[in-house]
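K.L.:
I would like the atomic coordinates for the input below:
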Amino acid sequence: MSYKPSLLLLIALFGLAGCNRHSASSIGPAGNSTSPSSIPVGEIGSHLPEFEVKDLQGEEISSKDLRGKVVLVDIWATWCQPCRKEMPGYQKLLDHYGPRGFAVIGLKSNMMMDTEGPLRFAKEIGVRYPLVSASSELVAKFCELEGLPTTMIYDRQGVLRKKVIGFDYPESFELALKPLL
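P.N.:
A predicted model of the protein is given here:
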């Protein structure tokens with residue numbers, strides 16, 4: 001019995017559509033044959049987008065400030081319970097690895113109304129890294145948002161090496177960032 005390739009592709013796509021949380025891990029060394037411009041934004045191997053914004057404290061943050069650093073970008077919301085659980089772990093990673101060139105930035109999704117003030121939220125959970133109230137346009141520069149939290153790790157060259165949609169433990173991100181430092 002032979003199947004047409006399009007039918008097999010359709011079956012594979014339906015199988016993948018049921019995934020709610022997924023993780024993509026590191027790609028190989030920089031000698032990748034795929035050119036960066038052919039990799040969709042937010043996919044492993046894509047580049048940290050150019051941006052300039054003010055964080056919730058009024059401080060300027062830009063992609064230029066992050067060049068040469070390993071960067072964790074977390075897309076979160078005040079109403080997101082998994083975000084509340086993950087974010088203190090990112091602060092601990094920053095406290096430990098920040099001196100080695102690690103940075104964290106939080107992009108607060110505005111897809112739904114906040115359940116509390118974002119600065120109060122951050123203070124309650126002990127987060128001190130820069131948090132940005134991100135427009136849908138800013139979020140779209142990083143990825144097509146499929147769920148919260150969405151966490152991405154970029155290497156020192158600004159290449160996306162790990163992306164997780166949904167909750168994951170800080171230890172998982174630590175394992176991914178250690179070799180990049």
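K.L.:
I'd like to know which elements the lengthiest helix in the chain is packed against.
P.N.:
If you go by DSSP state H, the chain has its longest helix at helix 81-97. With contacts taken as 3 or more Cβ pairs under 8 Å, 6 or more residues apart in numbering; DSSP states H and E, helix 81-97 sits against strand 70-76, strand 102-109, helix 118-125, helix 170-177. Where you see a C-beta, it was placed from the backbone N, CA and C, and this is true even at glycine.
K.L.:
List the contacts of the third one.
P.N.:
It stands for helix 118-125. 56-57, 78, 84, 87-88, 106, 108, 114, 128, 131, 133 (Cβ atoms under 8 Å, 6 or more residues apart in numbering).
K.L.:
tell me the angle that helix makes with helix 81-97.
P.N.:
Interaxial angle, helix 118-125 versus helix 81-97 (axes from the mean of the first three to the mean of the last three Cα atoms, to 10 degrees): 70 degrees.
K.L.:
Tell me the first helix or strand C-terminal of helix 118-125.
P.N.:
strand 131-134 (DSSP states H and E).
K.L.:
Could you pull out the buried residues of that next one?
P.N.:
For strand 131-134, a neighbour-count test (16 or more other Cβ atoms under 10 Å) marks 131-134 as buried.
K.L.:
Max pairwise distance over these: which two?
P.N.:
Spanning the widest gap among these are Leu131 and Ala134, at 9.3 Å by Cβ to Cβ.
K.L.:
Pull up the overlap in contacts between the two.
P.N.:
Common contacts of Leu131 and Ala134, defined by Cβ under 8 Å, 6+ apart, comprise 107-108.
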